[in-house]
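Enquirer: I would like the atomic coordinates for the input below:
(one chain, ligands or ions: 1)
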Amino acid sequence: MRTIIEPFRIKMTEPLKITSAKDRAAALEAAHHNVFLLDAEDCCIDLLTDSGTGAMSTEQWAAMMLGDESYAGSRSWKRFEASVAEITGMKHIFPTHQGRAAEGILAACVLKPGDIIPNNSHFDTTRANIEYCGAIALNLPCAEAFDTQAEAPFKGNMDIAGLRACIAEHGAGKIPFAMMTVTNNTGGGQPVSMANLRDVRAVLSEHKIPLIIDACRFAENAYFVREREPGYRDRELLDIAQEMFSLADGATMSCKKDGLANIGGFLVCRDDEWAERFRSLLILREGFPTYGGLAGRDLEAIAVGLKEALGYDYQVYRHATVEYMMTRLTAMGVPMVRPAGGHAIFLDVRQMLPDMDPLTYPGIGVVNALYLAGGVRAVELGSVMFGHFDSDGVEQPSPLELVRLAFPRRVYTQSHFDYLIEVIEQVWRERNRIPGHRITQQPKMLRHFTCHFEPI
Ligand code: F0G
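Expert: Numbering: from 1, shown residues only. Model prediction:
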């Protein structure tokens, strides 16, 4: 059959509130034109993130009932540890309440002011955790990543020459580790090839620099490797994931993505001395090392979810949704990051609104238009999230101006996606009416979450 179906059926439903255009205009006004400040109930299709928003399976709910809430050495911890150890092959495993807690512990234990951490592209919390320690988060995406229209299979790759140049310029002593984010979320959910991971590993090994994988979407990346990289067609996704982790010295993970759980994360490593440091800070910040920041039932849900994410039929279905959206929207001429990424579609706002000043935040205009048109909540990945102030205090825009519509796992059905296409079509048709925005209030760090806007 040509039709790819959801490889599950639904036995519990959650109502969606259907709102009017007038309701939505009032809600957005009350939220200071920042969709992060909306009530979730007012968002009919909530594509703000694929993080923690997935639906759990019957197996996961059943496992949760087996949650052992003992403070130390629980059965749930054993199952969590076994699942993470099987996939990552790492010696030391620390559960955390989510990905950023793992990043925070890694950064606080290893970094000194002035250190430099290269990555294909840092996620915003990773960058913030590194900068909080006075270190520098350096993005080294491959050249194709900057061309949103280039049809390269692995646009999440790192620029190897750039990595060599960075080490030559700063010296290995300034680089306590490098990172690779799989898939590369902020660069369009684009995958990293095994060949590129191997090259990164080889360059780092020459200089004895450890490699840490930001593994949030490791299973989606494994699927791309199977589909797009020569030599992986007959391999199980688990096997591919194991090969990816075998190239690393450690990993940070948000189980809210490819753990198919609503909360949770982990930090893993091979080195005993690092593990000693992580353990002490984990106890201080998160909890005893056999539960981290999690309940026993969360550990159970993750132990099962990590394996389900590596299910081939599940990944076929997930990627079919992204491909479907890409095909339909491309036919309408909507500019997007190409090819399809793993967990989202990314509208290319610079091409949608070429004449708009980036410092009037065209991405916010598009995000707000999507909400007003159909109650769809998306997120700006552009000059609000990634813009910065230079040493003279002048605001510099982001190199890419994207709007991400992230797809929660196993949550929305085909008709939801057809509705979404209609909403995007309307925004695209009426794009010349989208206003610029100015910021009226902002915090110093991670401003996109809480700042206030005003349409110009
Ligand atoms: N790394 C990447 C690549 C991420 O995408 C995220 C979260 C994190 C780390 C942090 O994990 O949320 O569990 O603390 N990304 C979500 C998103 C929030 O919407 O892309 P966390």
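Enquirer: so stretch 172-192, near the ligand or not?
Expert: Yes - Stretch 172-192 reaches the ligand (Cβ under 6 Å from any ligand atom) through Thr181, Asn185. From N, CA and C alone the C-beta is placed, and that goes for glycine too.
Enquirer: what's the first-to-last distance across that stretch?
Expert: 23 Å (Cα to Cα, to the nearest Å).
Enquirer: check whichever residue of the chain sits closest to the ligand and give its pLDDT.
Expert: The minimum distance from the chain to the ligand, using Cβ to the nearest ligand atom, falls at Gly99 (2.6 Å). pLDDT for Gly99: 98.
Enquirer: one more: Ser391?
Expert: 89.
Enquirer: equivalent analysis for Asp418, please.
Expert: 97.
Enquirer: where does it fall, secondary structure wise?
Expert: helix 414-429 (DSSP states H and E).
Enquirer: ranges for the helices of the stretch 251-400 of the chain?
Expert: For the stretch 251-400 of the chain, the helices defined by DSSP state H, counting those that start in this stretch occupy 272-285, 296-309, 312-331, 349-352, 362-374, 383-386.
Enquirer: contact partners of the fourth one?
Expert: The set of residues external to helix 349-352 that reach it, using Cβ atoms under 8 Å, 6 or more residues apart in numbering, is 148, 334-335, 358, 362-363, 366, 382, 400-403, 428, 431.
Enquirer: okay if I get the residues you listed as JSON lines plus distance to the ligand?
Expert: Listed next are those as JSON lines, based on distance: Cβ to the nearest ligand atom, whole Å:
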{"residue": "Thr148", "distance to the ligand": "18"}
{"residue": "Val334", "distance to the ligand": "21"}
{"residue": "Pro335", "distance to the ligand": "21"}
{"residue": "Pro358", "distance to the ligand": "22"}
{"residue": "Pro362", "distance to the ligand": "20"}
{"residue": "Gly363", "distance to the ligand": "15"}
{"residue": "Val366", "distance to the ligand": "17"}
{"residue": "Gly382", "distance to the ligand": "14"}
{"residue": "Leu400", "distance to the ligand": "15"}
{"residue": "Glu401", "distance to the ligand": "17"}
{"residue": "Leu402", "distance to the ligand": "12"}
{"residue": "Val403", "distance to the ligand": "13"}
{"residue": "Trp428", "distance to the ligand": "23"}
{"residue": "Arg431", "distance to the ligand": "25"}
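Enquirer: secondary structure class for His122?
Expert: Of the three states, His122 takes coil under DSSP: H, G, I helix; E, B strand; the rest coil.
Enquirer: return the per-residue confidence for the residue nearest to Gln98 when sequence neighbours are not counted.
Expert: Leaving aside its sequence neighbours, Gln98 sits nearest to Gly265 (Cβ to Cβ, 6 or more residues apart in numbering; 4.4 Å). The score at Gly265 is 98. That number is its pLDDT.
Enquirer: what's around Gly265, how many residues?
Expert: 29 (other Cβ atoms under 10 Å).
Enquirer: now the one 3 residues further on
Expert: Here the neighbour count serves as a burial measure; for Val268 (other Cβ under 10 Å) it reads 28.
Enquirer: skipping its backbone neighbours, what lies nearest it in space?
Expert: Nearest to Val268 is Met90, by Cβ to Cβ, 6+ apart, at 3.7 Å.
Enquirer: over to Pro397?
Expert: Pro358 (3.6 Å).
Enquirer: now Gly333
Expert: Nearest non-adjacent residue to Gly333 (Cβ to Cβ, 6+ apart): Trp428, at 7.4 Å.
Enquirer: that's a helix at His448, yeah?
Expert: Yes - secondary structure of His448 (three-state DSSP): part of a helix.
Enquirer: got the contact list for the residue of the chain closest to the ligand?
Expert: Thr125, Asp214, Cys216, Thr252, Met253, Ser254, Cys255, Lys256, Gly265.
Enquirer: could you redo the last one with a cut-off of 7 Å?
Expert: Counting by Cβ atoms under 7 Å, 6 or more residues apart in numbering, Gly99 touches Thr125, Cys216, Thr252, Met253, Ser254, Gly265.
Enquirer: residues near the residue nearest to Gly333, how many?
Expert: 17.
Enquirer: so it makes contact with Met336?
Expert: No - the criterion here is Cβ atoms under 7 Å, and Trp428 misses it with Met336 at 10.7 Å.
Enquirer: so which residue is dead centre in this protein?
Expert: Asn185 (4.5 Å; Cα atoms, centre = their mean).
Enquirer: ok, residues contacting the helix holding Asp418?
Expert: Contacts for helix 414-429 (Cβ under 7 Å, 6+ apart): 45, 321, 324-325, 328-329, 332, 334, 366, 369-370, 373-374, 376.
Enquirer: follow-up on the earlier one: list the contacts of the residue nearest to Pro397.
Expert: Residues near Pro358 by Cβ under 7 Å, 6+ apart: Ser383, Pro397, Glu401.
Enquirer: what about His343, distance to Gln315?
Expert: Using Cβ to Cβ, to the nearest Å, His343 is found at 11 Å from Gln315.
Enquirer: need the residues of the chain near the ligand, please.
Expert: Counting by Cβ under 6 Å from any ligand atom, the residues of the chain that sit close to the ligand are 49, 51, 98-100, 123, 125-126, 181, 185, 214, 216, 254, 256, 265, 406.
Enquirer: point out where the chain drops to low pLDDT.
Expert: Applying pLDDT under 70 to the chain picks out no residues at all.
Enquirer: can you give the domain ranges for it?
Expert: According to automatic domain parsing, the chain comprises the domains 21-50+312-455, 58-308.
Enquirer: Serialize those domains to a markdown table and add fields for distance to Ile4.
Expert: Below are the domains of the chain laid out as a markdown table (distance: least, Cβ to Cβ, whole Å):
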| stretch | distance to Ile4 |
| --- | --- |
| domain 21-50+312-455 | 4 |
| domain 58-308 | 14 |
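Enquirer: just say which of these is most tucked in.
Expert: domain 58-308 (a mean of 21; mean count of other Cβ atoms under 10 Å).
Enquirer: compute the first-to-last residue distance for that one.
Expert: Start-to-end, domain 58-308 (Cα to Cα) is 11 Å.
Enquirer: now it: how far from the chain's centre is it?
Expert: Distance of domain 58-308 from its chain centroid, counting by Cα atoms, centre = their mean, to the nearest Å, is 11 Å.
Enquirer: repeat for stretch 326-341
Expert: Distance, centroid of stretch 326-341 to centroid of chain: 20 Å (Cα atoms, centre = their mean).
Enquirer: export that stretch as PDB, just CAs?
Expert: Listed in PDB are the C-alpha atoms of stretch 326-341, where the atom choice follows Å, rounded to 0.1, in the frame of the first residue of the first chain:
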ATOM      1  CA  MET A 326       7.000  19.500   2.900                       C
ATOM      2  CA  THR A 327       5.400  18.200  -0.300                       C
ATOM      3  CA  ARG A 328       2.100  20.000   0.100                       C
ATOM      4  CA  LEU A 329       3.700  23.300   1.200                       C
ATOM      5  CA  THR A 330       6.300  23.200  -1.500                       C
ATOM      6  CA  ALA A 331       3.600  22.900  -4.200                       C
ATOM      7  CA  MET A 332       2.200  26.200  -2.900                       C
ATOM      8  CA  GLY A 333       5.600  27.900  -3.100                       C
ATOM      9  CA  VAL A 334       6.100  28.300   0.700                       C
ATOM     10  CA  PRO A 335       9.800  28.600   1.300                       C
ATOM     11  CA  MET A 336      11.200  26.200   3.900                       C
ATOM     12  CA  VAL A 337      14.500  24.700   5.000                       C
ATOM     13  CA  ARG A 338      15.200  21.800   2.600                       C
ATOM     14  CA  PRO A 339      15.300  18.900   2.700                       C
ATOM     15  CA  ALA A 340      12.800  17.800   5.400                       C
ATOM     16  CA  GLY A 341      14.300  17.600   8.900                       C
END
